[in-house]
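Visitor: Sharing a model prediction with you, sequence too.
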Amino acid sequence: MPLLIVMLVFLLSASSYSCKNTQKSYVTTKSTISQSGGLATAHPLATEVGIQILRDGGNAVDAAIAVHFALAVVYPSAGNIGGGGFMMYRDKEGGMYALDFREKAPKLATQDMYLDDNQNVIPGLSTKGSLAVGVPGAVAGMEAAYERFSQLKDWNKLLEPAITLARNGFYLTALQAEKLNKKKSTFVEINPAIESPFTNSKSYVEGDLFVQKDLAKTLTAIQNSMSEGFYQGEVADKLVAQMKERGGLITHDDLQAYEAIWRDPITFMYKEYTVHSMPPPSSGGILLAQLFNGVEAHDFKGFHSTEDMHRIIEVESRSYADRAHFIGDQDFYSIPVRELTSKSYMAERMSDYDENNATLPDSTSHGNIESEETTHFSIVDQAGGAVALTTTLNGSYGSSLIANGGYLLNNEMDDFSSKVGHPNLYGLVGAEANKIEPEKRMLSSMTPTIVEKDGQLYMVLGTPGGSTIITSVFQACINVMEYGMSMNDAIQSCRFHHQWKPSEVFYEEDCLNPSIIKNLQSMGHTMKSRSPIGRMEGILVTKDGYEIAADKRGDNHAIGY
Ligand code: GLY
């Protein structure tokens with residue numbers, strides 16, 4: 001029997017849950033219209049899992065939980081149980097909820113844990129291996145979402161697809177095979193004693209079956225005992241033992257103390273739209289408000305016109321300067337949220353705006369009152385309930401440390417400010433507000449966002465991309481609201497990004513008109529092309545139904561029903 005058929009027979013017969021996409025390569029849909037909802041995620045199999053849960057009577061939260069666990073299997077570079085994230089949920093009556101399941105610093109963490117005796121940052125300590133790992137929040141987050149909002153009330157069912165995909169394997173996409181091969185030497189370096197599909201000597205190609213038996217067991221423990229299956233018992237014992245052996249800080253006490261938190265969303269008006277996004281420890285909602293407020297008075301001229309780009313760049317620069325100074329975990333640091341998100345603050349902030357010249361980033365400071373991985377999915381259910389969920393290990397495959405239990409551990413500690421003014425993985429700088437403290441949540445840029453128009457659901461979106469997340473979400477919204485684009489066009493369009501420091505305006509390679517680049521350069525902007533920015537998933541309510549769009553920048557897949 002040819003190998004492919006053997007594999008298919010094996011997959012289908014051994015599987016108590018079957019996905020349609022069991023062929024060795026995947027066909028992805030980037031845009032679709034649906035009358036009853038649907039979803040878009042970073043991987044075709046995760047999208048299939050979500051649509052099945054919706055078809056079986058689950059609501060958007062049920063689908064989100066199943067998709068989150070499935071992504072931990074089929075999208076291990078960012079999907080996770082060893083990381084954390086944020087969920088925005090709008091129920092069918094319009095109630096809006098923000099769930100924080102961000103990682104926390106271990107209780108033994110200290111402000112200068114990444115500094116040498118001369119107070120210099122030790123390279124790699126906050127990004128690779130055991131010391132980089134924050135206390136994971138994902139499993140507690142999924143349980144909190146389930147307890148409060150599940151319609152199915154069937155936890156087993158929500159875990160089953162992920163367990164099946166881990167136990168029986170799934171076929172790698174070309175992109176995934178390439179990424180795994182690139183990372184192989186780091187996995188081997190960080191995990192010399194572990195046998196796993198991440199560290200074996202095989203060079204992967206598209207269509208290879210990726211089996212994660214240990215992960216299946218860990219997921220089964222979570223299926224059997226919910227979050228206790230992760231934060232207590234054998235899975236927790238193994239993680240704590242590994243931390244002890246490898247010089248990490250996470251203890252049983254840290255794991256048992258972890259709690260996901262429901263928070264008040266950041267909500268603001270932009271023209272006829274009401275925008276809801278994530279509050280601290282994400283900077284996303286606050287910065288999104290600043291960005292919108294900073295362009296509200298602007299007379300938009302056209303997509304990627306010099307005038308519009310210049311204004312947006314200048315607003316982005318000022319907002320990121322504020323991020324660096326003012327924003328951290330609100331449970332530890334008092335953040336002037338009302339001031340930062342007020343229209344008058346941003347009007348004042350833009351008072352030195354020069355429509356002909358760039359404000360040099362070095363002269364732009366905070367106001368007077370602060371390898372991009374992660375993954376996002378957007379879901380709307382049949383009743384109109386909507387979820388925007390962004391989740392992460394931070395860098396690609398997090399700390400590269402594989403837990404004894406087959407899952408990747410985050411390197412989220414790098415999102416703290418290791419030292420005032422020292423750039424993190426994404427070039428972001430920070431200060432007092434985001435310094436390391438025991439049990440504190442590190443500042444994030446993740447921006448899961450839900451927009452209403454006339455009180456009705458209008459848009460659900462978000463993206464990975466580290467520091468570029470906020471500007472990408474903002475630009476996609478502006479593409480729809482100001483330039484009249486479809487969700488698909490808004491997502492596929494070229495993006496650019498400025499974050500105050502470094503001083504460059506980054507733009508995606510080969511996608512801006514050279515004359516616009518010249519114009520911006522002559523105004524004083526330093527323009528720098530770069531690799532693709534983000535992988536966005538969005539849903540827009542249109543007169544024809546829900547327009548569900550998945551980013552062309554990857555294997556992302558949209559389905560309606
Ligand atoms: N780890 C990326 C972020 O949370 O912004």
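Guide: That came through, no problem.

Visitor: Strands of the stretch 351-500 of the chain, start to end?
Guide: Applying DSSP state E, counting those that start in this stretch to the stretch 351-500 of the chain gives strands spanning 375-380, 386-392, 449-453, 456-462, 496-497.

Visitor: Reformat those as JSON lines; add distance to the ligand and mean pLDDT.
Guide: For the C-beta atoms, the positions are set from N, CA and C on the backbone; glycine is no exception. Shown next, in JSON lines, are the strands of the stretch 351-500 of the chain (distance: least, C-beta to the nearest ligand atom, whole Å; pLDDT from 0 to 100):
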{"stretch": "strand 375-380", "distance to the ligand": "11", "mean pLDDT": "98"}
{"stretch": "strand 386-392", "distance to the ligand": "5", "mean pLDDT": "98"}
{"stretch": "strand 449-453", "distance to the ligand": "14", "mean pLDDT": "98"}
{"stretch": "strand 456-462", "distance to the ligand": "12", "mean pLDDT": "98"}
{"stretch": "strand 496-497", "distance to the ligand": "13", "mean pLDDT": "97"}
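
Visitor: Output those as JSON lines; include the columns mean neighbour count.
Guide: Listed next are the strands of the stretch 351-500 of the chain as JSON lines, based on neighbours: other C-beta atoms under 10 Å:
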{"stretch": "strand 375-380", "mean neighbour count": "31"}
{"stretch": "strand 386-392", "mean neighbour count": "32"}
{"stretch": "strand 449-453", "mean neighbour count": "23"}
{"stretch": "strand 456-462", "mean neighbour count": "24"}
{"stretch": "strand 496-497", "mean neighbour count": "26"}
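
Visitor: Save these as TSV, and put in distance to Ala138 too.
Guide: TSV is the format used below for the strands of the stretch 351-500 of the chain (distance: least, C-beta to C-beta, whole Å):
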stretch	distance to Ala138
strand 375-380	12
strand 386-392	6
strand 449-453	20
strand 456-462	16
strand 496-497	27
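
Visitor: give the contact list for Pro464.
Guide: Pro464 makes contacts with 42, 78, 372-376, 390, 392, 534-535, as judged by C-beta atoms under 8 Å, 6 or more residues apart in numbering.

Visitor: Flag every buried residue along stretch 315-332.
Guide: By neighbour count with 16 or more other C-beta atoms under 10 Å, stretch 315-332 contains the buried residues 315-330, 332.

Visitor: since we're on Pro123, how many residues are nearby?
Guide: Counted by other C-beta atoms under 10 Å, the residues lying close to Pro123 total 9.

Visitor: Assign a three-state SS to it, would you?
Guide: Secondary structure for Pro123, judged by DSSP: H, G, I helix; E, B strand; the rest coil, is coil.

Visitor: mind checking how far it is from Met243?
Guide: Between Pro123 and Met243 the computed distance is 22 Å (C-beta to C-beta, to the nearest Å).

Visitor: who's the residue of the stretch 151-300 of the chain found nearest the ligand bridged to?
Guide: Nearest to the ligand, among the residues of the stretch 151-300 of the chain, is Ser282, at 7.2 Å (C-beta to the nearest ligand atom). With DSSP bridges as the criterion, Ser282 is bridged to Ser444.

Visitor: how about it, what does it touch?
Guide: The neighbourhood of Ser282, defined by C-beta under 8 Å, 6+ apart, consists of 86, 100, 102, 443-447.

Visitor: try Leu520
Guide: Counted by C-beta under 8 Å, 6+ apart, Leu520 has contacts 306, 309-310, 313, 358, 505, 527.

Visitor: Report the buried residues of the helix or strand encompassing it.
Guide: In this structure, Leu520 is located in helix 514-522 according to DSSP states H and E. Buried residues in helix 514-522, counted by 16+ other C-beta under 10 Å: 516-517, 519-520.

Visitor: Also stretch 28-40?
Guide: Buried positions in stretch 28-40, judged by neighbour count with 16+ other C-beta under 10 Å: 28-34, 37-40.

Visitor: Of all pairs in the residues you listed, which one is the farthest apart?
Guide: Between any two of the buried residues of stretch 28-40, the greatest separation by C-beta to C-beta is 19.0 Å, found for Thr28 and Gly37.

Visitor: Quick one: list the elements packing against the longest helix along the chain.
Guide: Counting residues, the longest helix found in the chain (DSSP state H) is helix 306-326. With contacts defined as 3 or more C-beta pairs under 8 Å, 6 or more residues apart in numbering; DSSP states H and E, helix 306-326 has these neighbours: helix 284-295, helix 343-349, helix 469-481, strand 496-497, helix 514-522.

Visitor: could you give the angle of that helix to helix 469-481?
Guide: On the basis of axes from the mean of the first three to the mean of the last three C-alpha atoms, to 10 degrees, helix 306-326 is oriented at 140 degrees to helix 469-481.

Visitor: In PDB, could you pull the C-alpha coordinates for helix 306-326?
Guide: Output in PDB follows, covering the C-alpha atoms of helix 306-326 (Å, rounded to 0.1, in the frame of the first residue of the first chain):
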ATOM      1  CA  THR A 306       2.000  60.600   1.900                       C
ATOM      2  CA  GLU A 307      -0.300  62.700   4.000                       C
ATOM      3  CA  ASP A 308      -2.100  59.800   5.700                       C
ATOM      4  CA  MET A 309       1.100  57.800   6.300                       C
ATOM      5  CA  HIS A 310       2.900  60.700   7.700                       C
ATOM      6  CA  ARG A 311       0.100  61.400  10.200                       C
ATOM      7  CA  ILE A 312      -0.200  57.800  11.200                       C
ATOM      8  CA  ILE A 313       3.600  57.400  11.700                       C
ATOM      9  CA  GLU A 314       3.700  60.500  13.900                       C
ATOM     10  CA  VAL A 315       0.700  59.200  16.000                       C
ATOM     11  CA  GLU A 316       2.300  55.800  16.300                       C
ATOM     12  CA  SER A 317       5.600  57.300  17.500                       C
ATOM     13  CA  ARG A 318       4.000  59.400  20.200                       C
ATOM     14  CA  SER A 319       1.800  56.500  21.400                       C
ATOM     15  CA  TYR A 320       4.700  54.100  21.700                       C
ATOM     16  CA  ALA A 321       6.700  56.600  23.600                       C
ATOM     17  CA  ASP A 322       3.800  56.700  26.100                       C
ATOM     18  CA  ARG A 323       3.700  52.900  26.200                       C
ATOM     19  CA  ALA A 324       7.300  52.700  27.200                       C
ATOM     20  CA  HIS A 325       6.800  55.100  30.100                       C
ATOM     21  CA  PHE A 326       3.300  54.600  31.500                       C
END
